[in-house]
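Enquirer: task: produce atomic coordinates for the following.
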Amino acid sequence: MPESTILDSNGKPIKRAVLEQEQATPSITGVRNAWMSNSMADGLTPAKLASILSAANDGDDFDLLTLAGEMEEREPHYGSVLGTRKLAVESLPITVESASEDKKDEEIAEDIRQLTKRPEFEELISDLLDGLGKGRSTVEIVWQTGEKYKPSYKWRDPRFFMISKDEKQQLRLKDDDNEEGIELAPFKFITHIPKLRTGIVSRSGLARLVVVSYMCKSYSLSDWMSFLELFGLPIRVGRYGAGTSEDDKKILKSAVASIGSDAAAIIPDSMRIEFIERSSAANGDQVFSRIAEWLDKQISKAVLGQTATTESEAGKLGNSEEQSEVRQDILKADAKQLTRTINRDLIKPYVDLNYGIQENGYPRVVLYVKDPENLQLIVNAVKDLVPVGLKVKQSEIRDKLNLSDPEEGDELFAPVSATPQAPGNEPSANHKSCPSCGINKKAINTQKTADNIDELVMQGLEYWEEITSPIIDPLLSLAKNSKTFEEFKAGLPALLEGGMDASALIDSLAALSFKAKGLGDAGQ
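Expert: Numbers count the residues shown, from 1 in each chain. Modelled structure (predicted):
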């Protein structure tokens, strides 16, 4: 197939000769220095931060990217909530949808499934999610040729790239010989730019959103440490009596100065050291802790969409047991945007290189986000609606409850029926049947042997039609011959006076009661 027939997402023809080469290789020196050691977080002030943000507004986000990485390293709360948001996407199950039910499309989709099951694919997802904090993330594909083109992935420092200042805002690779950078080779890079806000790319990213809170918290923690250094220890006062010599005073002063660190001192018996607690320091420690907690909540809202933290009261997320760690709509958006990037920059190139251009569409990788369900509500609805005729698939309910299908020979829980079986149709001692659910297997919660009372009940029901027909037949005959309810009602007294014969039922109940009493007495 001619190379010109395969185009990337920007309409540029691929060059197969460069697919195996690394284009964004880091170097020891130059604009792609692998050991960039400059720090933006050290000595961060409002003026310095304003300068960093202003440069990013003009398209130069090098310093902002540096600060974004340092924030993840230095601020535990920001690193934690950002990691939570990333892991929420990484933990989603990966599915592959074929372009159609055609045999060829199914074969291509199966190949993509095997591609997504490789360990390096999980690392790829993790690397691409680095764009949540920094605004963008780029992974270079190094294609290995052979029977098939097989991709390997290498994360590249986002500071190796620059953003074109035209309306397309395309990433370009920084180069020592070209101030405007060089174009990225087609089919060589997976570039994930999360759509967190509308505008230029250099002004997006969660780090920019929380950087002011980060700076304020840094000031707060610094002041808090200074406060503790000043007010954390009680004032040490040395007292000496009148006539104390200058040498003794020096000994006392030395003891007072060193007791804070050494916790030990030797002074004459005539002297004493007192510790005065500073309890009236305007509750300064609480002021700093409240500021830090408030700033943490703002960071949580910016990253997770809510104030859920691992340090909430009573161990609850955001003081609500129903609140998930990452807001559901945010998780769905992250997953949708990431799959769009993967399908555009990896799946389509992989299929084009190995199977040619597909006129009928391409398989799609999907990160499946399952909506939270109230399982108790579902169980209650099934329990209430099935008896009145609602038909529900057992497999569907098992899937929702994460229960496996029973196999032949498994011990099963089954409902204990209160209705006796007709003679000859009783289930065995160790089995119960459930006609509505199709189960007729051994149940571990059934009574293994029928007791004497069960046998008496079965005896009483053996001839129930003969015993009750002298009572029921006259009643049914009256109902059949009555034209109105009033006529039926008027004929009831005559039936009660002699129209119904209850002697057989009375004799049967008396005999059964006598036997039951005898069995009870014998048991006692």
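
Enquirer: just the buried residues of stretch 22-35, please?
Expert: 23-24, 31-32 (16 or more other Cβ atoms under 10 Å). (C-beta placed from N, C-alpha, C; glycine too.)

Enquirer: and for stretch 295-310?
Expert: Result for stretch 295-310 [16+ other Cβ under 10 Å]: buried residues 295-304, 306-309.

Enquirer: which two in the buried residues of stretch 22-35 are spaced the farthest apart?
Expert: Farthest pair in the buried residues of stretch 22-35 (Cβ to Cβ) is 23 and 31. Separation: 13.9 Å.

Enquirer: can you pull out the helices in the stretch 251-400 of the chain?
Expert: Using DSSP state H, counting those that start in this stretch, the helices found in the stretch 251-400 of the chain span residues 284-304, 328-342, 348-355, 375-385, 394-401.

Enquirer: helices or strands next to the fourth one in the packing?
Expert: Here helix 375-385 touches helix 394-401, going by 3 or more Cβ pairs under 8 Å, 6 or more residues apart in numbering; DSSP states H and E.

Enquirer: now the angle from the helix it packs on to helix 375-385?
Expert: Inter-element angle recorded for helix 394-401 and helix 375-385: 150 degrees (by axes from the mean of the first three to the mean of the last three Cα atoms, to 10 degrees).

Enquirer: just the C-alphas of helix 394-401, formatted as PDB.
Expert: Taking Å, rounded to 0.1, in the frame of the first residue of the first chain, the C-alpha atoms of helix 394-401 are listed here in PDB:
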ATOM      1  CA  GLN A 394     -32.000 -14.400  37.000                       C
ATOM      2  CA  SER A 395     -28.700 -13.700  35.100                       C
ATOM      3  CA  GLU A 396     -29.400 -10.000  35.200                       C
ATOM      4  CA  ILE A 397     -30.000  -9.900  38.900                       C
ATOM      5  CA  ARG A 398     -26.900 -12.100  39.600                       C
ATOM      6  CA  ASP A 399     -24.800  -9.800  37.500                       C
ATOM      7  CA  LYS A 400     -26.000  -6.800  39.600                       C
ATOM      8  CA  LEU A 401     -25.300  -8.600  42.800                       C
END
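
Enquirer: so for it, mean pLDDT?
Expert: In this model, helix 394-401 has a mean pLDDT of 76.

Enquirer: chain center to that helix: distance?
Expert: 21 Å (Cα atoms, centre = their mean, to the nearest Å).

Enquirer: hmm, back to that, let's have the buried residues of stretch 22-35 in JSON lines, adding distance to residue 366 and pLDDT.
Expert: Supplementary listing: those in JSON lines, determined by distance: Cβ to Cβ, whole Å; pLDDT from 0 to 100:
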{"residue": "23", "distance to residue 366": "30", "pLDDT": "90"}
{"residue": "24", "distance to residue 366": "29", "pLDDT": "89"}
{"residue": "31", "distance to residue 366": "38", "pLDDT": "86"}
{"residue": "32", "distance to residue 366": "34", "pLDDT": "87"}
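
Enquirer: pull out the buried residues from stretch 211-226.
Expert: Buried, per 16+ other Cβ under 10 Å, within stretch 211-226: 211, 213-218, 220, 224.

Enquirer: cool, and stretch 353-360?
Expert: 353, 358.

Enquirer: that stretch: end-to-end distance?
Expert: Start and end residues of stretch 353-360 are separated by 16 Å (Cα to Cα, to the nearest Å).

Enquirer: avg pLDDT for it?
Expert: The model assigns stretch 353-360 a mean pLDDT of 90.

Enquirer: let the chain start at 29 from now.
Expert: In the new count, where the first residue is 29, that last one comes out as stretch 381-388.

Enquirer: please, where are all the helices along the stretch 79-228 of the chain?
Expert: Under DSSP H, counting those that start in this stretch, the stretch 79-228 of the chain gives helices at 90-102, 104-118, 131-144, 147-156, 159-162.

Enquirer: contacts only, for residue 363.
Expert: 117, 120, 395-397 (Cβ atoms under 8 Å, 6 or more residues apart in numbering).

Enquirer: so how far is residue 325 from the residue most central in space within the chain?
Expert: Nearest to the mean C-alpha position of the chain, by Cα atoms, centre = their mean, lies residue 116 at 4.9 Å. Distance of residue 116 to residue 325, computed by Cβ to Cβ, to the nearest Å: 19 Å.

Enquirer: same check, this time on residue 238
Expert: From residue 238 to residue 325 the distance is 11 Å (Cβ to Cβ).

Enquirer: for the helices of the stretch 279-428 of the chain, give me TSV that also has distance to residue 102.
Expert: Putting the helices of the stretch 279-428 of the chain into TSV (distance: least, Cβ to Cβ, whole Å) gives the following:
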stretch	distance to residue 102
helix 312-332	13
helix 356-370	24
helix 376-383	38
helix 403-413	41
helix 422-429	43
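
Enquirer: for residue 105, find the nearest of those helices.
Expert: Nearest to residue 105, of the helices of the stretch 279-428 of the chain and by Cβ to Cβ, is helix 312-332 at 4.8 Å.

Enquirer: what average pLDDT does that closest one get?
Expert: pLDDT averaged over helix 312-332 gives 86.

Enquirer: please save the CA atoms from that helix in CSV.
Expert: Presented in CSV, the C-alpha positions along helix 312-332 are these (Å, rounded to 0.1, in the frame of the first residue of the first chain):
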residue,chain,number,x,y,z
GLY,A,312,-2.8,30.7,67.2
ASP,A,313,-2.3,27.0,66.5
GLN,A,314,-6.1,26.6,65.8
VAL,A,315,-6.0,29.6,63.4
PHE,A,316,-3.2,28.0,61.3
SER,A,317,-4.8,24.6,61.3
ARG,A,318,-8.2,26.0,60.2
ILE,A,319,-6.5,27.9,57.3
ALA,A,320,-4.7,24.7,56.2
GLU,A,321,-7.9,22.6,56.4
TRP,A,322,-9.9,25.2,54.5
LEU,A,323,-7.3,25.4,51.7
ASP,A,324,-7.3,21.5,51.6
LYS,A,325,-11.0,21.6,51.0
GLN,A,326,-10.6,24.1,48.1
ILE,A,327,-8.0,21.8,46.5
SER,A,328,-10.4,18.8,47.0
LYS,A,329,-13.2,20.6,45.3
ALA,A,330,-11.0,21.7,42.4
VAL,A,331,-9.6,18.2,41.8
LEU,A,332,-12.4,15.8,42.9
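
Enquirer: check the protein for its longest helix and report it.
Expert: With secondary structure taken from DSSP state H, the chain has its longest helix at helix 234-259.

Enquirer: if anything else comes up later, I'll come back, but that's it for now.
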